[in-house]
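Participant: Okay, sequence plus prediction incoming.
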Amino acid sequence: MVKEKININSHNNQKMENNNIHNKLNKIKENLKNYKCYEVLENLLEKFPKAEIFLVGGAVRDNILDRKTKDYDFVVRNIPAEKLENFLSERGKVNLVGQTFGVFKFVPQNSTMSEPLDIALPRKDYSLGTGGYRDVEIETYPCLDIKDDLSRRDFTVNAMALKIGSEKLEIIDPFNGLDDLKSGLIKAVREPKDRFQEDYSRMLRALRFVCQMNPVDQDNEKEWQIEKKTWQALKENIGKLNKIKRKIKLKRNGNLSLPRVDEKRVVPYEVIAKEFLKAFKANPIKALELYDKSGALKEIAPELLKMKDCPQPKNFHYEGDVWEHTKIALQKLFSDEFKKEFNNEPPSLELILATLFHDIGKPYTIQTPEKHGTDRIRFNEHDVVGSKLTKKIAKRLKLSSPEKIGINIENVAWLVQQHMILVRGDITKMRNSTIEKYFFNPDKPSKDLLKISFADVSATIPKNGQPNFREYNQMKKRIKELKEMGEDKDKLPNRLINGNEVMKELGIDPGPKVGKILKKVREKQLQGDLKTKKQALKFVKELD
């Protein structure tokens, strides 16, 4: 009797879940109508009655998960490429760049879409087996079964399709992606080793998907993971990220043909950068864990691993080694106290990366009483060394290259170099102009400097468990006092005079003297001693 009740409940739960999925998929039609493209799809089916249209990939996955998406990709069967192109050209703008691959980038007339639709013919991919993400031969087959088209995709949750236009919503799921979606699994389609051999960057894509499915700032119903067999294949093949293709070319030199070896990365750094940045933006704590455990960090940024087992003075850092301190600092960026301190402003990607790298210089500068005769463990100038290392790694990985998500490397390196500003001297005696230089500089990520200081202090845990915010609070007070001087509480008052006015007043030529005078004037202004241009010019004359 009890068993029967469990079966009934299980059946009812399954029915409710199916209805829920059906309702979510029904909303896709409304979303498409908002983009003015559903009418085009309906017209396509009217003109070509034998045609079949499928929404594929990420849009199906994200709609089921109630995640926002702008990535609507379609596969159209039973229409020759030329006829499909002509039809689309009459109803919007078609980018022919994708035609070689059987893909048309399409924007309907009068559409508000920010990104074009991908409308493709069914196709087969024939990998060259190099692991390069573009090393593939593509052949389109207008009549290819949609299940065969889906079989070339990377992960099961991306290998589902929704048939458009039929009265009854029909989801095509040949690899049980729906089950993996419910379970929170990233699982390769068919054999993981083969999928990764086709494109090594898929390994980083798997890590990125887990991070995006487990966003750090949201409570998740389930913890997404990489399926066991897929994870094993990923770890076994991650070393291939740095594989180099070598090709011998003959170069003419007079009557001689001299061999020249061209070397090219199988997975370009630009691709690595895109996956790396997306993963750390979504969930830096999970990203660091996955990149470490998978071996990806060893391949692309081994310098970070030196933070492991790098000891710190226990009177300041009872939390553990540099690696542990860094993990805690990343966690603090998303803590309730951080949100309260900075009015729920989410951390920028540059701040996340600066926090990741902020103590990377410690293993390279460590001095201990045993080896160096110091009074305690010290890391002299680790901020300067860390800034140089950060810049070196970021340039190597080309972290500024990806569109829309690429970061300013100089900004990240600057934050790393300045993250120790709170302990460089007596904050109560620091010049106002110095505080302006670091915390109000429009040419630097000055707002992030206070944030990285907060995260660093929060993660510096002494034996009593209470981080010392004394210097942080002193700086916060000084910043508040300066803000109160201006009408705009986020900006300091405008300068009273400029360099041209100084040169005119004193009858001097451009040179270092002008800058020194302006600095003195600004300091007096920020102290409240000078309030008008007239007072400033009088002060300049007295200086001369």
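Facilitator: Yes, it's here.
Participant: Look at the closest residue to Asp292 other than its chain neighbours and report its pLDDT.
Facilitator: Nearest non-adjacent residue to Asp292, counting by CB to CB, 6 or more residues apart in numbering: Leu305, 7.5 Å away. For glycine as for every other residue, the C-beta is placed from the backbone atoms N, C-alpha and C. For Leu305, the model assigns a pLDDT of 98.
Participant: you'd agree Lys105 is in a strand?
Facilitator: Yes: if the criterion is DSSP: H, G, I helix; E, B strand; the rest coil, then Lys105 is within a strand.
Participant: Bridged to it, which residues?
Facilitator: Beta-bridge partners for Lys105, by DSSP bridges, are Asn95, Asp118.
Participant: pretty sure it contacts Val94?
Facilitator: Yes: Lys105 lies in contact with Val94 (CB atoms under 8 Å); the separation is 6.9 Å.
Participant: Between those two, which has more neighbouring residues?
Facilitator: Taking other CB atoms under 10 Å, Lys105 and Val94 do not tie; Val94 has more neighbours (21 against 17).
Participant: Leu121 versus the more buried one, what's the distance?
Facilitator: Counting by CB to CB, to the nearest Å, the separation of Val94 from Leu121 is 14 Å.
Participant: show me where the stretch 201-350 of the chain has helices.
Facilitator: 201-213, 228-237, 269-282, 284-294, 296-300, 322-332, 336-341, 349-357 (DSSP state H, counting those that start in this stretch).
Participant: Give me the below-cutoff pLDDT ranges for the stretch 351-500 of the chain.
Facilitator: Along the stretch 351-500 of the chain, the parts satisfying pLDDT under 70 run over 486-490.
Participant: those helices in it, which residues are they?
Facilitator: Under DSSP H, counting those that start in this stretch, the stretch 351-500 of the chain gives helices at 362-365, 369-372, 382-396, 409-418, 432-439, 446-458, 470-483, 499-506.
Participant: Kindly report the same for the stretch 1-150 of the chain.
Facilitator: 2-34, 38-47, 58-64, 81-89, 146-150.
Participant: With respect to Lys538, which of the ones you listed lies nearest?
Facilitator: Among the helices of the stretch 1-150 of the chain, the nearest to Lys538 by CB to CB is helix 2-34 (63.7 Å).
Participant: Near Ser335, how many other residues are there?
Facilitator: 14.
Participant: repeat for Ile479
Facilitator: 18.
Participant: Name the nearest residue to it, ignoring sequence neighbours.
Facilitator: Phe439 (5.6 Å).
Participant: where's that neighbour relative to Leu422, distance?
Facilitator: 11 Å.
Participant: Check Leu121 too.
Facilitator: Distance from Leu121 to Leu422, by CB to CB: 60 Å.
Participant: swap in Ile497?
Facilitator: Ile497 is 32 Å from Leu422, by CB to CB.
Participant: now swap in Asn283 and tell me
Facilitator: Distance from Asn283 to Leu422, by CB to CB: 28 Å.
Participant: okay, those two: which has more neighbours?
Facilitator: The neighbour comparison of Asn283 against Leu422 (other CB under 10 Å) goes to Asn283, with 26 against 21.
Participant: That one against Gln218, yeah?
Facilitator: No: under the criterion of CB under 8 Å, Asn283 is not in contact with Gln218, lying 9.5 Å apart.
Participant: any shared contact partners between those two?
Facilitator: By CB atoms under 8 Å, 6 or more residues apart in numbering, Asn283 and Gln218 have no common neighbours.
Participant: close enough to count as contact, the residue nearest to Ile479 and Lys451?
Facilitator: No: using CB under 8 Å as the test, Phe439 is too far from Lys451 to be in contact (10.9 Å).
Participant: among the helices of the stretch 201-350 of the chain, which is nearest Ile377?
Facilitator: Using CB to CB, the helices of the stretch 201-350 of the chain put helix 322-332 closest to Ile377, at 10.6 Å.
Participant: any idea of the mean pLDDT in the closest one?
Facilitator: Computed over helix 322-332, the average pLDDT equals 98.
Participant: Then stretch 23-37?
Facilitator: 72.
Participant: do the same with stretch 286-295
Facilitator: pLDDT averaged over stretch 286-295 gives 98.
Participant: so what's Ser458 up against?
Facilitator: Ser458 neighbours (CB under 8 Å, 6+ apart): Ile328, Ala329, Lys332, Ser335, Glu337, Phe338, Pro467.
Participant: which of these has the most neighbours?
Facilitator: Highest count within these by other CB under 10 Å belongs to Ala329, 24 neighbours.
Participant: Around the closest residue to that residue other than its chain neighbours, how many other residues sit close by?
Facilitator: Nearest residue to Ala329, sequence neighbours excluded (CB to CB, 6+ apart): Ala459, at 3.9 Å. Using other CB under 10 Å, Ala459 has 23 neighbouring residues.
Participant: Okay, Ala459 and Tyr438: tell me how far apart.
Facilitator: In terms of CB to CB, Ala459 sits 21 Å off from Tyr438.
Participant: Isn't the residue nearest to Ala329 up against Glu337?
Facilitator: No: Ala459 lies out of contact with Glu337 (CB under 8 Å); the separation is 11.8 Å.
Participant: Any stretches of the stretch 101-250 of the chain with poor pLDDT?
Facilitator: Those would be 101, 127, 129, 133-137, 166-168, 220, 249-250, if you go by pLDDT under 70 across the stretch 101-250 of the chain.
Participant: ranges for the strands of it?
Facilitator: 103-108, 117-120, 123-127, 136-140, 161-164, 170-172, 185-186, 225-226, 244-253 (DSSP state E, counting those that start in this stretch).
Participant: In CSV: the ones you listed, plus distance to Pro259.
Facilitator: Formatted as CSV, those follow (distance: least, CB to CB, whole Å):
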stretch, distance to Pro259
strand 103-108, 38
strand 117-120, 41
strand 123-127, 28
strand 136-140, 27
strand 161-164, 48
strand 170-172, 51
strand 185-186, 44
strand 225-226, 43
strand 244-253, 5
